[in-house]
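Asker: sequence unknown, structure follows:
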C-alpha cells in the first residue's frame, strides 16, 4: 500500500466517523454502562446510596412535617444557627 493509498484510507475512515449519527445516552443508560467497572464492594455501596435516596423521597405513612424535618442532617459548625452570616461571608465589617 502506498503512502497516498494509506492517506486516502485514513481520510475515508474519518469521513465515515463524521457521518455516523450521534447517539445520546440517557442518564440511566450511562449509569448502567459504568456498572461493569465497579467491584463488588463499590456496588454494595452504590446500592445502599440508591436505597437511601429512594427512602428519602418517599415519606412513610403517618409522617408529619415535623417528622421529616427531624430527619434533615446539616453538616455545620455548632454555632451555625446563631452565626450563619459569618459562615456565609455576609457579615458586615465593622
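Answerer: Now that the structure is in, tell me what you want to look at. Computed from a predicted model, the values in this text were never measured in an experiment.

Asker: you'd agree residue 80 is up against residue 86?
Answerer: No - proximity of residue 80 to residue 86 does not meet the contact threshold set by C-beta atoms under 8 Å, at 9.2 Å. Where you see a C-beta, it was placed from the backbone N, CA and C, and this is true even at glycine.

Asker: show the pLDDT at the residue nearest to residue 33 when sequence neighbours are not counted.
Answerer: Sequence neighbours aside, residue 25 is the residue nearest to residue 33 in space, at 7.1 Å (criterion: C-beta to C-beta, 6 or more residues apart in numbering). Looking at residue 25, its pLDDT reads 80.

Asker: where's residue 25 relative to residue 53, distance?
Answerer: When distances are taken as C-beta to C-beta, to the nearest Å, residue 25 and residue 53 turn out to be 21 Å apart.

Asker: and stretch 9-18, average pLDDT?
Answerer: Averaging pLDDT along stretch 9-18 yields 72.

Asker: give me the buried positions along it.
Answerer: Taking 16 or more other C-beta atoms under 10 Å as the neighbour-count basis, stretch 9-18 is seen to contain no buried residue.

Asker: ok, stretch 51-66 next?
Answerer: Within stretch 51-66, no residue qualifies as buried by neighbour count (16+ other C-beta under 10 Å).

Asker: what distance separates the start and the end of it?
Answerer: According to C-alpha to C-alpha, to the nearest Å, stretch 51-66 extends 22 Å from its N-terminal end residue to its C-terminal end residue.
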